[in-house]
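1. Take a look and give me a structure for this.
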Amino acid sequence: MGTATAARGVLGIDVGGTKGALRAEAGPPGGPQRTAQAVLRWPAARGADADWAALAGAVARLGERWGGTFSAVGVAVPATVGPDGRVLAWPGRPGWEGFALAPALRRLFPAAEVAWADDGDLAALAEAEHAGCDHLVYLGVGTGVGGGIVHRGAPLPGPARGSCETGHLVIDRRGPRCDCGRRGCLQASASGPATLRRAARLRGAPVDFAGLRTALAEGAPWAEEAVEETCSALAAAAVSLAELVHPELTVLGGGFADGLPGLAARVEAHAAALARPGGPVPAIRPAALGGLSSLHGALALARRPPHPQPPGDPS
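-> Next up, the predicted model:
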């Protein structure tokens, strides 16, 4: 999970589907930390160049507030990055396909040690470290559904074999079409946008996140049904993963999940109903780091001792 290095000024970046988050930290492990944080929304123009310009601007502004540069940078990336450092696929923001991520990072941080990894893997590692748990499954619900598995303290299947794409577990062969092109993926039923689309159909009018949250708190039937279907899909994935890896803990995180109180308890109730006699029943808890698990994972990645990283190696 990496060891912190004393007094290193580090920067973590979480590249999300609708926004980016940045956090700078410096200070001794376990001691007082100097911090600075920023969030940016991607511009309306859905393209890698516009997004990257916005990110570079946010980095510059944070650097001015920070008052210096960073010795190491960790980046949580939801996209699939190839051996040459280019983005192979990111269904959530297809304009990034072909974007030369590795050279762009080197230009943005010429004096820093830079590493990147899958956002779900990093979130899982951060939550496992926080919980002191070496066997954990993480499901992150936001613009998409990501996740990761930590087994014996390390990501499974491991960087050399790619990330753990929990959002693309097929839970319903006749389910809605995912933005990856396949039908029935967990992401197609349980992501934030999928939940809001279902809520709008049930209500017969557009629904935004704030409206869904308020209606759920008030017990509106359409909101209850929309969220319960999301919880059922997440439970199916959690139970299936528990059959494979038997985690000590399953953690539910991501910005969308973090914003709906009681969601983890709802998912756990659905999971208990799916349990088979003698089979594993996953303990499901909300992410301790809320919607910032990937960002904290990126910071942990930055704190690792310097090491060479091939252009396309996501580790």
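2. now the end-to-end length of stretch 202-218.
-> Stretch 202-218 stretches 16 Å from its first residue to its last (CA to CA, to the nearest Å).
3. That one: which residues count as buried?
-> For stretch 202-218, burial by neighbour count (16 or more other CB atoms under 10 Å) applies to Leu202, Arg203, Val207, Phe209, Gly211, Leu212, Ala215, Leu216. Where C-beta positions appear, they are placed from N, C-alpha and C, glycine not excepted.
4. show me the contacts for Glu268.
-> Residues near Glu268 by CB atoms under 8 Å, 6 or more residues apart in numbering: Ala235, Pro282, Ala283, Ile284.
5. okay, how far is it across stretch 103-116, tip to tip?
-> End-to-end span of stretch 103-116 (CA to CA): 12 Å.
6. what about that stretch, distance to the chain center?
-> Mean C-alpha position of stretch 103-116 versus that of the full chain (CA atoms, centre = their mean, to the nearest Å) differs by 21 Å.
7. Check which residues of it are buried.
-> So stretch 103-116, judged by 16+ other CB under 10 Å, has buried residues Ala104, Leu105, Leu108, Phe109, Ala112, Glu113, Val114, Ala115, Trp116.
8. And the furthest pair within the residues you listed?
-> Within the buried residues of stretch 103-116, Ala104 and Glu113 form the most distant pair, 16.1 Å apart (CB to CB).
9. which regions of the protein sit below the pLDDT cut-off?
-> 1-8, 28-31, 159-162, 305-315 (pLDDT under 70).
10. Packing partners of the helix or strand that contains Thr214?
-> Per DSSP states H and E, Thr214 falls inside helix 209-218. Helix 209-218 sits against helix 192-203, helix 221-245, with contacts defined as 3 or more CB pairs under 8 Å, 6 or more residues apart in numbering; DSSP states H and E.
11. List of residues touching it?
-> For helix 209-218, using CB under 8 Å, 6+ apart, the contacting residues are 192, 195-196, 199, 203, 207, 222-224, 226-227, 256, 259-261.
12. Go through those and single out the one with the most neighbours.
-> Among those, Ala199 has the most neighbours (other CB atoms under 10 Å), with 27 neighbours.
13. quick one: the closest residue to that residue other than its chain neighbours from Phe109, how far?
-> Closest residue in space to Ala199, ignoring its immediate chain neighbours: Ala226 at 3.8 Å, by CB to CB, 6 or more residues apart in numbering. Noted for Ala226: a distance of 42 Å to Phe109, by CB to CB, to the nearest Å.
14. neighbours of Pro247, just the number please.
-> For Pro247, the neighbour count with other CB under 10 Å is 24.
15. quick one on the thing from earlier: dump the buried residues of stretch 103-116 into JSON lines; add distance to Gly74 as well.
-> Below are these laid out as JSON lines (distance: CB to CB, whole Å):
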{"residue": "Ala104", "distance to Gly74": "15"}
{"residue": "Leu105", "distance to Gly74": "11"}
{"residue": "Leu108", "distance to Gly74": "13"}
{"residue": "Phe109", "distance to Gly74": "11"}
{"residue": "Ala112", "distance to Gly74": "10"}
{"residue": "Glu113", "distance to Gly74": "9"}
{"residue": "Val114", "distance to Gly74": "8"}
{"residue": "Ala115", "distance to Gly74": "6"}
{"residue": "Trp116", "distance to Gly74": "7"}
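16. Closest one of those residues to Ala300?
-> Nearest to Ala300 among the buried residues of stretch 103-116: Ala115, at 10.5 Å, using CB to CB.
17. Figure out the helix or strand that the closest one lives in.
-> Assessed by DSSP H and E, Ala115 sits inside strand 113-118.
18. which residues in this protein form strands?
-> Secondary structure of the chain (DSSP state E): strands at 10-15, 19-26, 34-41, 72-77, 80-81, 87-89, 113-118, 135-141, 145-151, 154-156, 249-253, 284-286.
19. Gly279 against Glu243, yeah?
-> Yes - counting by CB atoms under 8 Å, Glu243 is a contact partner of Gly279 at 6.7 Å.
20. residue contacts, the closest residue to Ala48 other than its chain neighbours?
-> Nearest non-adjacent residue to Ala48, counting by CB to CB, 6+ apart: Phe99, 3.9 Å away. Applying CB under 8 Å, 6+ apart to Phe99 gives the contacts Ala48, Trp52, Arg86, Val87.
21. surely the third one meets Thr80?
-> Going back to what we said before, that points to Arg86. No - counting by CB under 8 Å, Arg86 stays clear of Thr80, with 10.0 Å between them.
22. hang on, the earlier thing: ChimeraX command to pick out the buried ones of the contacts of Glu268?
-> Those of the contacts of Glu268 that count as buried under 16+ other CB under 10 Å are selected in ChimeraX with:
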select :235,282,284
